[in-house]
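Chemist: Output the structure for:
(chains A and B)
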Amino acid sequence: MNAPVVSLTGISKRFGPVQALDDVSATFKSGAITALIGENGAGKSTLLRILEGETQPDRGAIEIDGAAVTIRSPRDAHERGIRVIHQEPEIIPEFTAAENIFVGDFRTRGVSLDRQDLYRRADHLIEHMGVQDTLQPGMPCRHLGPAQRQLIEILRALRPGARLVAFDEPTSSLTRAEAERLFGLILELRANGTAIAYVSHRLGEITELADEVMVLRDGACVAVEPAEGLEEDRMVQLMVGRPLADLFTHPSRTIGDEVLRMEGVTTAKVRGIDLSVRAGEVVGIGGLVGAGRSDVAMAVFGMDTIEDGEMHYQGEPYRPRSPADAIRAGIGIVPEDRKEQALLMLQSIRKNVTLAASPIISRYGVIDDRTDARISDKAIRDLGIRTPSNRQEVAKLSGGNQQKTVFARWEVVKPQLLILDEPTRGVDVGSKAEIYRQIESMSAAGVAIILISSEMTELIGLSDRIVVMANNAIVGTLAGDDATEEAILSLSMNKEAAS
Amino acid sequence: MSKDDVLQATPTKPSIISRIGTQNISLLISLVILIVIFGFLRPDVFFTPRNIINIGLAISILGILAMAQTVVIVSGGLDISVGSIVGLTTMVLAATAQATGSDTLGMLAALAAGLVAGAVNGIAIVYGRVNAVIATLGTMSAFRGLAFIVNNGNSIPIRGDTLRFLGAGDVLGIPAAIIVLLSVIAVFMFVTRSTVVGRNIYAIGGNISVARLAGLAIKRYQIGIYVMSGFAAAIAGLVLAGRTMSGQPASGSQGLELEAITAAILGGCILQGGRGTIVGAMLGVLILGVLNNGMILTSVPTFYQLLAKGALLIAAVSIQEHQRIARGG
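Modeler: Sure thing, here's the model as predicted:
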């Protein structure tokens, strides 16, 4: 019973000035699910990278089945049965789903690829996971959504020979039903004696799934406790090292004039959107991933062409043709994908903060260095970005501080309408609380806010009103006590109403 | 970094080394090594004022092109048509001067031709949606073709004192061509370091989606950058025409684009865009200039010089990529 499969002893790893892991020991046992929790930057990802052979530890030992090993590369790890499921999987767009699942493990007949064998194996895996509705082996991967990509990554790891499977936030892009199926599969893996490491920010999942919870803070392991009877509050307290104050403060606000009104707005991706946001109001958009929530944001922000319907901004007709038009009108956006849409990762905090603020920091097109520095330093202080200086490269910041940098950009520009698309994705609990306070203080100052979020607590806790989307259209509006998790979910699932 | 490592009240002054940049320090070291080698091999000629001025003249055209190429590469593009634009503008200059009898009008026509050629590149890339390498590979051939068409493949002699001054004149002993180069460097340094336009070019090259969502007018910038590159090539064309006092359709076909790209990459540009500096590129130009000059002084045959320059470009890119991976960028 529960023999150790992989043991880590005294693992330390330093990246420049950052001690990413400090003398961490962990044991992943056969038939047990070990949850790894901690704030961003606590060392979870580094631990996974070491397990996967992507990074070599500075000190410490790794044993597999009691024998000391060195894991040289991801390929080496794969062959030893260690499989890591990444949050942002590498998918080859030119390949089909089946080809992507088995890449690196193609079998040949004669000199040519044995397609029959490939599709038979893919069919088998997909059926086993029960995701035939979502993923077919022949699908070209170019147009797959995040959930389907995630499924491919999971199926890759389940190829034969898995001894330890590590999941890195596997549910962040899955629907509830897909997540439930994944949990079933994880439990099945456990029953077969596979060791499982499970990283997630969703503490509800942890209590549901895990046998044991390991808490990392600032690179050190601060607790290993049985999951049974472990309260969420206790987990949060262990992660942040202090009791967490109430996340939402609900400051008093005055709701002002209408800032944005959408009437029957239709783009290539959404149909007949009616939406109104007033100054000082937070309007939430709920629904499943792929329901068209971000596409509403894209329409407002001038990224997608409006095919039908009208928009009014502060009472005037509004028809943006580019994000530049939207920003000129007084609209800001915190987009969904921080690294690809929001931040210049290799540039300084300062250049990122004042990126949309050129009229403020320049005269006749020449940048005033002092103003530039003063404005970014003020935004850094206001947002509580932890950094040695405004010249720090954004890539070197934690996820939470990166996200605060995106908010700082709009704090400088002061838009009248701010669109937030998953504003706390991949952000640690401490930064989350700070971002919530920032959102609340902006709406108290009269900024109209559209909040798109998959996190129910945040959506319900921050919004005055929640519109729910399904199948690229709005299917209902919930306010006050009606805005419950159950009500949002049942509307999101209600496909009849949408079509 | 500890959690309490918050912003300090006074921003830290960057050290001298970090101001110059490690990249530029290794370039300076390479340059010194080259100077020591050639100075040792030809102590009689290498350090004479005449030879130093020769190096300066030899790099004036390359330097102008390399500055513009740096900005193009920083924005995430590439312009391999610049050599052909140089040749084309010398022909436009000569033909206009011949027709009107005014070398000044010829020079204005050449500058206009450079702007148009750059606009053609920009429009093909932005609105034609052609990849920058392919678009400028195509116009490299097309512009060279045009240069030959102007006078049936023959060169055209030019007369005129303004142009002669640009090619052979001097101010207080400093050749006019070198003054042109220094002015171009000054303008590019100012634009890239101190203006909104410069900063936005780095943003576009760094990540085009981020730049678009931050409200930058991407297309306008991209077209503007290629127009600028064409204009810089025309300035280089003026200097070249002044030196030969003729329009030469095949001028610029001696691998000027290769050398300009090599200098920019040596100077720290990465082809993905977003990184690279004017100072770095200028050091790259000096390295190429000293290398060319030294190889001539030590009688390295031309064919071997070509071989050396090609190898240098590939080595520079390879070193860049390895450093980038080591940095984790």
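
Chemist: ranges for the strands of the stretch 251-400 of chain A?
Modeler: A:258-266, A:273-278, A:282-287, A:308-313, A:316-317, A:331-334, A:362-363, A:366-367 (DSSP state E, counting those that start in this stretch).

Chemist: and the residue in chain A that chain B sits nearest to, how many neighbours?
Modeler: Closest residue of chain A to chain B, Cβ to the nearest Cβ: A:Ile327 (3.6 Å). Glycine gets a C-beta too; all of them are placed from N, C-alpha and C. Using other Cβ atoms under 10 Å in any protein chain shown, the number of residues around A:Ile327 comes to 22.

Chemist: Quick check: pLDDT value at the closest residue to it other than its chain neighbours.
Modeler: Spatial nearest neighbour of A:Ile327, chain neighbours left out: B:Gly215 (3.6 Å); criterion: Cβ to Cβ, 6 or more residues apart in numbering or on different chains. Looking at B:Gly215, its pLDDT reads 92.

Chemist: The one 5 residues further on now?
Modeler: At B:Arg220, the model reports a pLDDT of 95.

Chemist: ok, now A:Leu275?
Modeler: Confidence score, pLDDT, at A:Leu275: 95.

Chemist: quick check: mean pLDDT across stretch B:172-185?
Modeler: Stretch B:172-185 carries an average pLDDT of 94.

Chemist: Quick check: mean pLDDT of stretch B:79-93?
Modeler: 96.

Chemist: Mean neighbour count and distance to B:Ile134 added to the strands of the stretch 251-400 of chain A, as JSON lines?
Modeler: JSON lines is the format used below for those (neighbours: other Cβ atoms under 10 Å in any protein chain shown; distance: least, Cβ to Cβ, whole Å):
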{"stretch": "strand A:258-266", "mean neighbour count": "19", "distance to B:Ile134": "36"}
{"stretch": "strand A:273-278", "mean neighbour count": "19", "distance to B:Ile134": "40"}
{"stretch": "strand A:282-287", "mean neighbour count": "26", "distance to B:Ile134": "41"}
{"stretch": "strand A:308-313", "mean neighbour count": "16", "distance to B:Ile134": "37"}
{"stretch": "strand A:316-317", "mean neighbour count": "8", "distance to B:Ile134": "41"}
{"stretch": "strand A:331-334", "mean neighbour count": "28", "distance to B:Ile134": "33"}
{"stretch": "strand A:362-363", "mean neighbour count": "14", "distance to B:Ile134": "35"}
{"stretch": "strand A:366-367", "mean neighbour count": "17", "distance to B:Ile134": "35"}
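
Chemist: TSV for those strands, including distance to A:Asn192?
Modeler: Converted to TSV, these look like this (distance: least, Cβ to Cβ, whole Å):
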stretch	distance to A:Asn192
strand A:258-266	49
strand A:273-278	47
strand A:282-287	35
strand A:308-313	53
strand A:316-317	62
strand A:331-334	42
strand A:362-363	63
strand A:366-367	61
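
Chemist: Turn those strands into JSON lines, including distance to chain B.
Modeler: Formatted as JSON lines, the strands of the stretch 251-400 of chain A follow (distance: least, Cβ to the nearest Cβ, whole Å):
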{"stretch": "strand A:258-266", "distance to chain B": "17"}
{"stretch": "strand A:273-278", "distance to chain B": "19"}
{"stretch": "strand A:282-287", "distance to chain B": "18"}
{"stretch": "strand A:308-313", "distance to chain B": "15"}
{"stretch": "strand A:316-317", "distance to chain B": "19"}
{"stretch": "strand A:331-334", "distance to chain B": "6"}
{"stretch": "strand A:362-363", "distance to chain B": "5"}
{"stretch": "strand A:366-367", "distance to chain B": "6"}
